[in-house]
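S.K.: can't give you the sequence, but here's the structure:
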């Protein structure tokens, strides 16, 4: 599946030599820097769970990965988290400079919506089907909301404002639900909606997405305490060094691990009405408890 | 028309107090900082020229202004042009800091596409009309292309690369056609397409948009040589100080003025097959020759 996604991403951006080359090199550098492709995998897996065809969701899967990548490029900037390394490689602004990193992020975000619109246009023109157009437009609107100022961007804003402050559990949950949770949940919804799922199926996969996002964040925090720097591609212990409030710091290590297990269990239970077609989603949830990066 | 546009922009963004408030204040600060609303006016005027209803194009008009505004916020950043003033007011990062300015730009860009998708969804759901959905999707794709890495962002990249270098006329034209021309042309096309114009009408308005964009840029360069600092809201002579290649510096003052007049004349001629419904567009073109800011 990862190969299929990488190949779709490859053709969904202008080539490296497209004018002006430096911006396309910079966009591609970060898009192909070894990401796990979690959001595209979730979108494809949700589409398969509702027995939809991969082709219906591939553009949205690529758009989600581009939006995730742009958010990482901008988060790493000196004015934000000022990170030099990401997945063991120099961050975009270290390689291309700050101006180009800002523009590469802007370019990926813009291309994400361009790709969605182009793909939807082609599908609708081909099939003359209003309901398909509606589904695409719904997904576009949801992706924009999940990644906008009341979604992912809003989460990053709260995260910046919370820096080096003691925050309570509800503020931390707000940050996670918006900064990472919203786009993860929307990846599932995009797959379910574009795959032609029923209302019940979309609701179940939304619920799965919410629990999965929570489990993902708790295990992320746990890895920062107990992980392996080499496998993670970034130093462990950075949250404690930055006095960042995390699930382990607020709940304690044991309770945090329990919370991750409960969230994974709830995610799997949300899939109860699905058969083997949702097996990939079940495995993905269980895998979070064993992840090493 | 400006009031109508401002009122639509007002309701198309989350309120100032929406969580997190600081990002919405920052987004609104720049969106309501006294812009001329050129792109929305052009979109509405093109829609009227094809005898379409204002309501069809208002979301696209707002999206175009949000994209223009985000590009100004990011261009003004210390890593880019490092400008402290814009239209006589402190730039976004001076008021809200660099991190928030980056995120406010991202938020406006994201909201632009969200607004387009939401409006298209509502229209299509209401009318069950595939061709309307197609028109919206075409406009979205065109706006993304015009503002993306091979459009506006590409122009900004070339502009950065050309800094303090002598460039030739064709490079300067590339920069202008992409950095400002592409979105201006697309504003006309958006109005013509969403207004339901014929192929001939869309082609004529596209041609008008190309000439208008050129005239706009030349008169912009001329104002920097001969304008009035108070009326402009920014110091004159900055292009010469920054050794920037401009139409006056490459062609000479007299030839540059002639080129502006020729472009305006060509823009007006592109409207030959339209009647009084295109009068606003004719006036807009002629006004460029007398503009003071």
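M.R.: Happy to help now that I have it. Note that the structure is a prediction, hence the values are computed from the model and not measured. Numbers count the residues shown, from 1 in each chain, chains lettered A, B, ... in the order given.
S.K.: check what pLDDT residue A:130 gets.
M.R.: We note a pLDDT of 75 for residue A:130 in this prediction.
S.K.: just after the lowest-mean-pLDDT helix or strand in chain A, pick out the following helix or strand.
M.R.: Lowest on mean pLDDT, DSSP states H and E among the helices and strands of chain A sits helix A:229-232, with a mean of 70. With elements assigned by DSSP states H and E, the helix or strand that comes after helix A:229-232 is helix A:238-241.
S.K.: show me what that following helix is packed against.
M.R.: Packing contacts for helix A:238-241, counted by 3 or more CB pairs under 8 Å, 6 or more residues apart in numbering or on different chains; DSSP states H and E, involve helix A:199-226. (Glycine included, C-beta is placed from N, CA and C.)
S.K.: any part of the helix it packs on near chain B?
M.R.: No - using CB under 8 Å from any CB of the partner chain, helix A:199-226 never reaches chain B; the gap is at least 15.5 Å.
S.K.: what's the neighbour count on residue A:293?
M.R.: Per other CB atoms under 10 Å in any protein chain shown, the neighbour tally for residue A:293 reads 15.
S.K.: what does residue A:168 give?
M.R.: 10.
S.K.: pLDDT value on it, please?
M.R.: Value listed for residue A:168 in the pLDDT field: 90.
S.K.: so what's it up against?
M.R.: residue A:250 (CB atoms under 8 Å, 6 or more residues apart in numbering or on different chains).
S.K.: what about it, distance to residue B:130?
M.R.: According to CB to CB, to the nearest Å, residue A:168 stands 50 Å off from residue B:130.
S.K.: now residue A:258: how far from chain B?
M.R.: To chain B, residue A:258 is 30 Å away according to CB to the nearest CB, to the nearest Å.
S.K.: scratch that, residue A:5 is what I was asking about
M.R.: Taken as CB to the nearest CB, the span from residue A:5 to chain B is 21 Å.
S.K.: secondary structure element holding that residue?
M.R.: Per DSSP H and E: helix A:2-12 holds residue A:5.
S.K.: for that helix, which residues meet the burial criterion?
M.R.: A:5-6, A:8-9, A:12 (16 or more other CB atoms under 10 Å in any protein chain shown).
S.K.: name the nearest of those residues relative to residue A:98.
M.R.: residue A:9 (24.6 Å; CB to CB).
S.K.: that closest one contacts residue A:59, correct?
M.R.: No - in this structure residue A:9 lies outside contact range of residue A:59 using CB atoms under 8 Å: 10.7 Å.
S.K.: tell me the contacts of the residue nearest the centre of chain A?
M.R.: Centre of chain A computed as the mean C-alpha position; nearest residue by CA atoms, centre = their mean is residue A:39, 4.5 Å away. For residue A:39, the contacting residues are A:61, A:64-65, A:68, A:183-184, A:187, by CB under 8 Å, 6+ apart.
S.K.: do the same with residue A:206
M.R.: A:185, A:188-189, A:192.
S.K.: which of those fall within helices?
M.R.: Among the contacts of residue A:206, DSSP state H puts A:185, A:188-189, A:192 in helices.
S.K.: quick one: the strands in chain A?
M.R.: Along chain A, the stretches classed as strands by DSSP state E are A:85-86, A:89-90.
S.K.: how distant is the first one from the center of its chain?
M.R.: So that's strand A:85-86. 17 Å (CA atoms, centre = their mean, to the nearest Å).
S.K.: who does that strand pair up with?
M.R.: Strand A:85-86 pairs in its sheet with strand A:89-90 (antiparallel), by DSSP bridges.
S.K.: rounded mean pLDDT for the partner strand, please.
M.R.: On average, strand A:89-90 scores 96.
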